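Asks: the sequence and its predicted three-dimensional model are supplied below.
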Amino acid sequence: MRFAISRALLALLFALSFGAMFFSACESKTPEVASAKSARALVEQEGALLVDVRTPREYASGHIDGAVNMPLAELSSHLEELKQHEKVVVYCQVGARAADAAKLLKHEGIDVTNLGAMAAWYDQK
């Protein structure tokens, strides 16, 4: 009985340790959401390319001035074009697609900043 409990505890500790390592590794691969101030500085002062990863319809309904539309679903077809830019800033409507785009671009070796939600651009804090 004692042996079974020890094995169960050991298995639980192993699972918890593995889970913690796995989640911390996944978390570190997703670029953090940048402040509006730092994202603006990258675009306006350092010439970063501002990319709207929403659908063309969403983009047509309103976007940040100067942004180019590269929908998340098509982003992988624009990798060579994006690699021509020293820095890239991505955004979407609420932040989820921008996070996915940032993760993809980072994985491809592109210097990417995740603005997150489009509304953050107008936040001057």
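Replies: Received the coordinates, thanks.
Asks: where does pLDDT dip in this protein?
Replies: 1-30, 124-125 (pLDDT under 70).
Asks: hmm, 50 instead?
Replies: By pLDDT under 50, the weakly predicted segments of the chain are 9, 12-13, 15, 18-28, 125.
Asks: domains of it?
Replies: 1-30, 31-122 (automatic domain parsing).
Asks: can you map out the helices along the protein?
Replies: Applying DSSP state H to the chain gives helices spanning 2-28, 36-44, 56-60, 79-83, 96-107.
Asks: show me what the last one is in contact with.
Replies: I take that to be helix 96-107. The contact list for helix 96-107, computed with C-beta atoms under 8 Å, 6 or more residues apart in numbering, reads 29-31, 33, 51, 53-54, 72, 75-76, 79, 82, 88, 90-92, 112-117. Quick note: C-beta positions are derived from backbone N, CA and C, even for glycine.
Asks: how about the domains of the chain in a markdown table, adding mean neighbour count?
Replies: Converted to a markdown table, the domains of the chain look like this (neighbours: other C-beta atoms under 10 Å):
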| stretch | mean neighbour count |
| --- | --- |
| domain 1-30 | 9 |
| domain 31-122 | 17 |
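Asks: all set, thanks.
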